[in-house]
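Engineer: Sharing a model prediction with you, sequence too.
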Amino acid sequence: MSDQSPPAVRGYLARVRTALADLPAAEVDEILDDVRPHLLEIAAELGERAGVDAMSERIGTPEAYAAELRAAGDYPPPPPGEETEGTGAATAGRGLPRLVLWSLVACVCGLALTGLVAGLSLSEEPLLALLLIVPVLAASGWFVWRHGTERVADLPEVRRLLQALRPRAGEPAGGLPGYLRSLRPAWWLLCATVLVLFGLLLVLRSRDAFLVLPLLLVLAAAAMWSGPRSVRDARLLWLSLPLSALVAGSALGLLGFAGERVSGNFGYHTSPYAYEPANTVNGEPALFYGEHPVENVYVFDSEGEPVTDVYLYDQDGRPLTMPRHVCRPETGTTSVVGRDNRYPRPHIEQGAYDERGDLNGYDAYLPHCTQTDQVPFTAVVPRTQPAEPTR
Amino acid sequence: MEISQLLKGVLDLAVLAVLRDADGYGYDVLRRLRQAGLDEVGDASVYGTLRRLYKAGLLTSYVMPSEEGPHRKYYSVNERGRERLAESGRTWRSFAKSMDGLLGETV
């Protein structure tokens, strides 16, 4: 039955329909046809204010309404497990508890992610996300602190979750869930430890992080306090779950950070020389000009004439030794014949011939290698001499 | 005793009575009951009772288009309904008479 009813009426009727879902659909349609004109009237009277909540104030929640209909109409009681808010008029709809629940879930996810990013980068900046997450979490927590968790626990999604988590009758009480439960006190201690450790690492890394350390200390204390108590007082889950998420995220991030440091640039922030091992080609020391690997060095005199057989050293007298490659004409490949610091090296060109004898053709397969002592370019040496060093 | 509890038992009779003279849709029935002074009757109880009487074959229903909005489903009392009304009415009167007599002595 589609209609142009205002959203409040449609929303109210939808919830009545849900509460009566076990009855034959045709019968429920008949019932709603009876009820609809009345609701339209109420919505019209409420005017601007019309909403499911405002209507619930007038005639009770849709669920209570459905329960009354059921009783008066001699319909069978709802099957067990179905939703009926028989206690009725005082309880508002499920919208708010649902919002509270999902904002908790969102905050838990957000905090895990924040911890992960902060841990991976070992910096305090990602923690700024807390400014966004904490107010939402606080609002959600305020609701359960004031109204208790019953209405949230009453949500069908929560019930299903709790039912899934509850140990089944046949199962032994222990098992993996039981073991995990027994670890809970250790978890809260671990949470506090990770938070303190994380704070100390942040401060070691950057002085600016000293503002974060007290915050993390407070959070560590909160974890130790709220964790064990949240078993008895479910409201504290709004503190302990987000903290657990933050800890799990940052612990994972820190592990990732440590792993990256170990496998990558070893001791990256301890000494500038630590960069050196990266500057190799195939495991051999290599020359670099900026980012570009230097394969060969050509020397020209002031007349622009190439100079051969020069030996290169650095400022400390260390020879700039590199592997020397030569062509193997029989295989068309190159191989290393020792290491020295004599430049320029022969110019080696590698390629392959195809069946017709064309070099680097489309389906070239025969490797080829040529080697020449010629300089592959000419240099124009600047005429202006650099200024003589004054002594 | 709360009026609402008393009402539960006699709501069938009341609904049949307000439909006796003129057909009406659900909200009409509710308004007529209210006008007759039965303020305590719950909205949903009236609609539930209507459906129960209909399923028991005491009412018939038909749909009328409405100018103001969606169509309206009207209920009317059929022959069986009238018989039931007469019968229940007699029961109620004799019951009320006994009660009056009873209360007349004590109150």
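Structural biologist: Yep, it's here.

Engineer: Tell me, how many residues neighbour the residue of chain B found nearest chain A?
Structural biologist: Closest residue of chain B to chain A, CB to the nearest CB: B:Gly48 (2.8 Å). In this view, the C-beta of every residue, glycine as well, is placed from N, C-alpha and C. Using other CB atoms under 10 Å in any protein chain shown, B:Gly48 has 25 neighbouring residues.

Engineer: Skipping its backbone neighbours, what lies nearest it in space?
Structural biologist: A:Ala72 (2.8 Å; CB to CB, 6 or more residues apart in numbering or on different chains).

Engineer: Kindly provide the distance from that neighbour to A:Glu57.
Structural biologist: 21 Å (CB to CB, to the nearest Å).

Engineer: Looking at these two, which one has more neighbours?
Structural biologist: When neighbours are counted by other CB under 10 Å, A:Ala72 and A:Glu57 differ, and A:Ala72 comes out ahead with 22 against 13.

Engineer: Wait, the more buried one touches B:Val46, no?
Structural biologist: Yes - with contact defined as CB atoms under 8 Å, A:Ala72 reaches B:Val46; the gap is 7.5 Å.

Engineer: who touches both of these two?
Structural biologist: B:Leu11 (CB atoms under 8 Å, 6 or more residues apart in numbering or on different chains).

Engineer: what's near enough to touch the residue of chain A most remote from its centre?
Structural biologist: If you look at how far each residue of chain A sits from its centre, by CA atoms, centre = their mean, the farthest one is A:Glu303, at 61.3 Å. When contacts are counted by CB under 8 Å, 6+ apart, A:Glu303 touches A:Val381.

Engineer: ok but it is inside a strand, no?
Structural biologist: No - secondary structure of A:Glu303 (DSSP: H, G, I helix; E, B strand; the rest coil): coil, not part of a strand.

Engineer: Quick check: the gap between A:Val134 and A:Leu128.
Structural biologist: Distance from A:Val134 to A:Leu128, by CB to CB: 11 Å.

Engineer: Which one's more surrounded, the two?
Structural biologist: Counted by other CB under 10 Å, A:Val134 and A:Leu128 do not tie: A:Val134 has more neighbours, with 14 against 10.

Engineer: Next, work out how far apart the residue of the stretch 201-350 of chain A found nearest chain B and A:Leu99 are.
Structural biologist: Chain B sits closest to A:Ala234 of the stretch 201-350 of chain A, with a gap of 33.0 Å, by CB to the nearest CB. As judged by CB to CB, A:Ala234 and A:Leu99 stand 18 Å apart.

Engineer: Likewise for A:Ala118?
Structural biologist: A:Ala118 is 27 Å from A:Leu99, by CB to CB.

Engineer: Show me which of these two is the more surrounded one.
Structural biologist: A:Ala118 (26 against 14).

Engineer: and that one, which of the three is it?
Structural biologist: A:Ala118 ends up helix, using three-state DSSP.

Engineer: burial count for the closest residue to it other than its chain neighbours?
Structural biologist: Excluding the flanking residues, the one nearest A:Ala118 by CB to CB, 6+ apart is A:Pro126, at 4.1 Å. Per other CB under 10 Å, the neighbour tally for A:Pro126 reads 19.

Engineer: Ok, the one 10 residues further on next?
Structural biologist: By other CB under 10 Å, 14 other residues sit near A:Val136.
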